[in-house]
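A.B. asks: next input, structure requested:
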Amino acid sequence: MTRRPCSVLGFGGFAPFAAAALVSAGCAGPSAGPGAPPPLGEAEWRELAAPRPAPLPGAVRLSIADFDVLSDAGWPPAAPVTARLGLTELVATGLLRRSDVRLVERRRFSAAVEAERAGRPRSIAAPAAGVSPGAELTATLAWAPLAAGASSLEVRLIDVGTGRVVRSGRSLLPDGAEPVGVARAGVRAILSALGALGRLPAWQDPVAGSAPEGYSASGVPQAALNDFLGGLAAEEAWRWEAARVAYQSAARSRGFLEAEAALARTARLRLGGTLGES
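C.D. replies: Numbering: from 1, shown residues only. Next comes the predicted model:
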């Protein structure tokens, strides 16, 4: 039996990101039956394409350079993407929903610009590179194992113009730290570093626990994380319907904010957005 496509519900207090919020129970997830869920129409895609939050005055233009994972022992063994890519995108989508930071796409944008300069045709359904505002700071993260199952999370902020490390910090993570919780700890570390530099505008996050002080388990089930990673793999290949179905399934896990942000991004790109703006 093929179930209907997911509908989008409002998420109280989550403006201006509400349109990409939780999907209703009973909506279709990946492989909902012997046949794939029916594709969405343009109007339904527009409902999913919540605009990016407008950055506050003074919000720094920040890119994510890399998330180095020195041990992926806790990474899902059948994940369709690497731990490095998955964690990078979990942090990126965690920042994408915020107004106090202006996230600048770097990884896919740079690759798209290079392809355009080389005269290579875009892949089918791939978005245009567009024009990027350029980053002021770039963040690198590293997750490394320690003794007795604990691990450390290191964050560095680098001035793009000079290449100088302007702020760094390291925190301890407990034994059994899970990827979504680690990514949210990474978001918090970036925000703390920006605050120490005086580059973080005041903003009240309407969702508690999205970037907790210190490590906190996210509560996101493994199945929902697997769906998110499946959506990311599909989005990397510009397979919009597959990405949409997977992200919507992941977003059924209440509070999986990163899946909601990724779903809205996919819809914006699918409707003609560019990598430099979406």
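
A.B. asks: how close does Asn72 sit to Ala144?
C.D. replies: One correction, residue 72 is Asp, not Asn. 11 Å (C-beta to C-beta, to the nearest Å). Heads up, the C-betas are built off the backbone N, CA and C, glycines and all.

A.B. asks: what of Pro221?
C.D. replies: 26 Å.

A.B. asks: likewise for Ile124?
C.D. replies: 39 Å.

A.B. asks: these two: who's more crowded?
C.D. replies: For Ile124 versus Ala144, neighbours defined as other C-beta atoms under 10 Å are more numerous around Ala144 (14 against 8).

A.B. asks: moving C-terminal of the helix or strand where the more buried one lies, what's the next helix or strand?
C.D. replies: Using DSSP states H and E, Ala144 sits in strand 137-145. Using DSSP H and E, the next helix or strand after strand 137-145 towards the C-terminus is strand 151-159.

A.B. asks: touching stretch 163-170 from outside, list them.
C.D. replies: Residues from elsewhere that reach stretch 163-170 (C-beta atoms under 8 Å, 6 or more residues apart in numbering): 137, 152-159, 189, 192-194, 196-197.

A.B. asks: model confidence for the closest residue to Asp159 other than its chain neighbours, exactly?
C.D. replies: Closest residue to Asp159 apart from its sequence neighbours, by C-beta to C-beta, 6 or more residues apart in numbering: Val166 at 5.2 Å. Confidence at Val166, expressed as pLDDT, is 98.

A.B. asks: what kind of secondary structure is Val166 in?
C.D. replies: Three-state call for Val166 (DSSP: H, G, I helix; E, B strand; the rest coil): strand.

A.B. asks: what number of residues lie near it?
C.D. replies: Val166, neighbours per other C-beta under 10 Å, totals 14.

A.B. asks: use 251 as the first number from now on
C.D. replies: Okay, residue one is now 251; in that scheme the one you just asked about reads as Val416.

A.B. asks: find the residue at the geometric middle of this protein.
C.D. replies: Nearest to the geometric centre of the chain sits Thr343, at 2.1 Å (C-alpha atoms, centre = their mean).
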